[in-house]
Structures are given as C-alpha cells and as structure tokens.
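Participant: Sequence and predicted model, in that order:
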Amino acid sequence: MSDGKSVFVKICGLKTPHDVDVAVEAGADAVGFVLAPGSPRTIGAAGARELAARVPDGVLTVGVFRGQPLEEVRRLAEESGVRGVQLHGDEPAEYYAHLRAPGRALLRATAEHVTRCGEYGEDLLLIDAPDPGSGKPWNWGSAQFKAPDGRWLLAGGLSPANVREAVSATGAWGVDVSSGVERERGVKSPELIRAFIEAARAIV
Ligand SMILES: O=C(O)c1ccccc1NCC(=O)[C@H](O)[C@H](O)COP(=O)(O)O
C-alpha cells in the first residue's frame, strides 16, 4: 500500500472533459488516456492533449500504449503532452530506456507475476489481467500469487465493490481501473468513478 495515507488510484480510459474533472475532483492520483489503437476508449493525441491540459500538476496524466512501434509511442506521448507512458505489450526493456525523458514516468503493465519492481527500468509496475481493459479479474486472491516487493499497481476487473478486498489480499501499493467505473463498455460513469475513489480512500 502507498506509504503515507492511502492507496494510489489511477482511473484509466477517460475520454471526456467531464469524466476527467470528476476523477480529479474525487481525488484520483493519476488519469489514463488510451493511445493504443482498436479500443472503444482510444482517443487521439489531440484529444488526450485537451484532456491532459485540464489536469492539475499533482495528478499524473498517463498515455496507454500496446504493441506500438517505439517511434509512434514517443511521438504520441510528446504530441499529447502526457507525463506518464504505460506500455501494455511485450515491449522489451530497451523501450523503457529509449522512452526515458526528464519528468516522464514510465509504467510497465504485465500479466506475469513479476517478483521485483523496476526490472525493465520502469517507475511503476502494473500487474494486470492478460486482456487489459476487459474488466476481467485474474486470480489475485489465490495463494499462488506472490506480490512483488516495492510499489506496484493492481489492475484487472476492479470495481467499487471489490477494491478493498483486492488491496487487502495483495497488499498492492495502488490500483488502476477502467471497466469497473463504466456504465457500458467505453462509457464512464461519474458515480462509479466517485464510488471507486471513495472505496479506495477508505482502505487503511
Ligand atoms: O482500456 C483499453 O481498452 C486498453 C487497450 C489497450 C491497452 C490497455 C488498455 N487498458 C488498460 C487499462 O485500462 C488498465 O490499465 C487496466 O487494464 C484496467 O482494466 P479493467 O480491467 O478494465 O479495469
């Protein structure tokens, strides 16, 4: 769990100014914009730039990528002005070195049960379901899962109803959610965003 007060909360797959404002006002630590193609949550660099511009400095803006060429990731990250880059494919460690830039946070998303954070040079590790953004939980509650040392985010099928149990079962430093705060696939629910952040903040 995050040192200090409460778990780090990232709300992912935001597409509208209103949803961004709701997440920020409710106390999100990070907001994510999908810059990978082929998702109902995909937005372009210009759209992400507009949304990121609404976000205060204390909240991390993250571009989400999957299996894209390095040059495309770099270009979209620069054009959108996001301060974090989250990679969801099988990108090699070299990607992280090439994407390292002043003030930029690198997030490595994986479905593997990694035992150490930072192996690829990432700032934050995210352990997710094999099908990211699907809303399907994985077996984080099982005895086979050994949480890594360090700061890592838990993702995959989280919701206001299960976030407390998930953090207590895994000891995750932070959480990341997309589907669990949507009223239909790709469409966020302000009420669920608020409920998720409230539930996560209540974890001590
Ligand atoms: O959201 C997508 O459609 C997506 C597409 C390609 C790569 C990543 C994607 N999403 C990542 C996330 O939203 C989160 O990191 C995480 O997987 C949470 O997903 P969910 O299970 O829907 O809460």
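Facilitator: Structure received.

Participant: can you list the residues of this structure near the ligand?
Facilitator: 12-13, 34, 36, 39, 41, 64, 66, 88, 109, 128-129, 132-135, 155-158, 176-180 (C-beta under 6 Å from any ligand atom). For the C-beta atoms, the positions are set from N, CA and C on the backbone; glycine is no exception.

Participant: Tell me which entries of those residues lie within strands.
Facilitator: 34, 64, 109, 155, 176-177 (DSSP state E).

Participant: which parts of stretch 99-113 are buried?
Facilitator: For stretch 99-113, a neighbour-count test (16 or more other C-beta atoms under 10 Å) marks 99, 105-111 as buried.

Participant: no no, stretch 176-185
Facilitator: Those would be 176-182, for stretch 176-185 by 16+ other C-beta under 10 Å.

Participant: average pLDDT for that stretch?
Facilitator: Here stretch 176-185 scores 98 as its mean pLDDT.

Participant: same check, this time on stretch 85-97
Facilitator: 94.

Participant: Give the buried residues for it.
Facilitator: Neighbour-count burial for stretch 85-97 [16+ other C-beta under 10 Å]: 85-88, 91, 95-96.

Participant: what comes into contact with that stretch?
Facilitator: 32, 36, 62-68, 70, 73, 77, 99, 104-109, 119-122, 126, 128, 132 (C-beta atoms under 8 Å, 6 or more residues apart in numbering).

Participant: Narrow the residues you listed to those in helices?
Facilitator: 70, 73, 77, 99 (DSSP state H).

Participant: Name the nearest residue to the second one, ignoring sequence neighbours.
Facilitator: The one in question is Val73. Closest residue to Val73 apart from its sequence neighbours, by C-beta to C-beta, 6 or more residues apart in numbering: Phe65 at 5.0 Å.

Participant: I figured that neighbour hits Arg75, correct?
Facilitator: No - in this structure Phe65 lies outside contact range of Arg75 using C-beta atoms under 8 Å: 11.1 Å.

Participant: the more surrounded of these two?
Facilitator: Phe65 (26 against 13; other C-beta atoms under 10 Å).

Participant: for that one, what are its contacts?
Facilitator: Counting by C-beta under 8 Å, 6+ apart, Phe65 has contacts 35-36, 73, 76, 85-89.

Participant: ok, now Ser189?
Facilitator: Contacts of Ser189 by C-beta under 8 Å, 6+ apart are 181-183.

Participant: Doesn't Gly47 belong to a strand?
Facilitator: No - read with DSSP: H, G, I helix; E, B strand; the rest coil, Gly47 is helix and lies in no strand.

Participant: Can you report how many residues lie near it?
Facilitator: 15.

Participant: what about the helices in this protein?
Facilitator: Under DSSP H, the chain gives helices at 17-26, 45-52, 70-80, 93-99, 163-170, 190-201.
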